[in-house]
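Student: Just need the structure, nothing else, for what follows:
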Amino acid sequence: MLNRVILIGRLTRDPELKYIPSGTPVATFTLAVNRPFTNKMGEREADFVPIVVWRKQAENCANYLSKGSLVAVDGRLQVRSYEQDGQRRYVTEVVAEDVRFLDGRGDSQARSEISRLQQYGADVADDDDIPF
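Tutor: Model (predicted):
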């Protein structure tokens, strides 16, 4: 079976870093990912995908990323549930196995990574495309 998600987008807010009781770091952020088509009014829409990152990579994300940062996320889709106020709630999120920082480098490595991900049909947003 295969469960793999590759996304390129921009953070909608600064990553939030926490430590679970065992001391393991976990960071969360939301990624705005452009849809590959426009709506009836010719506007580009985006999906807002919750991302969870663990361990050292979580600390790196919290230290080096901020709202608007362009990243590539390679991970798996996870659906979990919990109970709140007597009702079952479901959360769908991407658990990142690899987060690549794509802006701020301006070098061939960043361009190469974007090119590689575009082969999978990824649409990389320009700064003007950010919906916030």
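Student: For the strand or helix carrying residue 63, name the packing helices and strands.
Tutor: Using DSSP states H and E, the element containing residue 63 is helix 55-64. Packed against helix 55-64, as judged by 3 or more C-beta pairs under 8 Å, 6 or more residues apart in numbering; DSSP states H and E, are the following elements: strand 16-19, strand 25-38, strand 87-101. (C-beta placed from N, C-alpha, C; glycine too.)
Student: Just name the most buried of those.
Tutor: Sort these by mean neighbour count, taking mean count of other C-beta atoms under 10 Å, and strand 25-38 sits at the top with a mean of 17.
Student: Give the rounded mean pLDDT of that one.
Tutor: Mean pLDDT, strand 25-38: 95.
Student: okay, the helices and strands packed on helix 55-64 in TSV with distance to residue 55 next?
Tutor: As requested, those are exported to TSV (distance: least, C-beta to C-beta, whole Å):
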stretch	distance to residue 55
strand 16-19	11
strand 25-38	6
strand 87-101	11
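Student: that older thread, now do the buried residues in the helix holding residue 63.
Tutor: 58-62 (16 or more other C-beta atoms under 10 Å).
Student: Direction included, what does the helix or strand following it pair against?
Tutor: Heading C-terminal from helix 55-64, the first helix or strand you meet, by DSSP H and E, is strand 70-84. For strand 70-84, sheet partners with direction are given as strand 5-11 (antiparallel), strand 87-101 (antiparallel), following DSSP bridges.
Student: Thanks a lot, catch you later.
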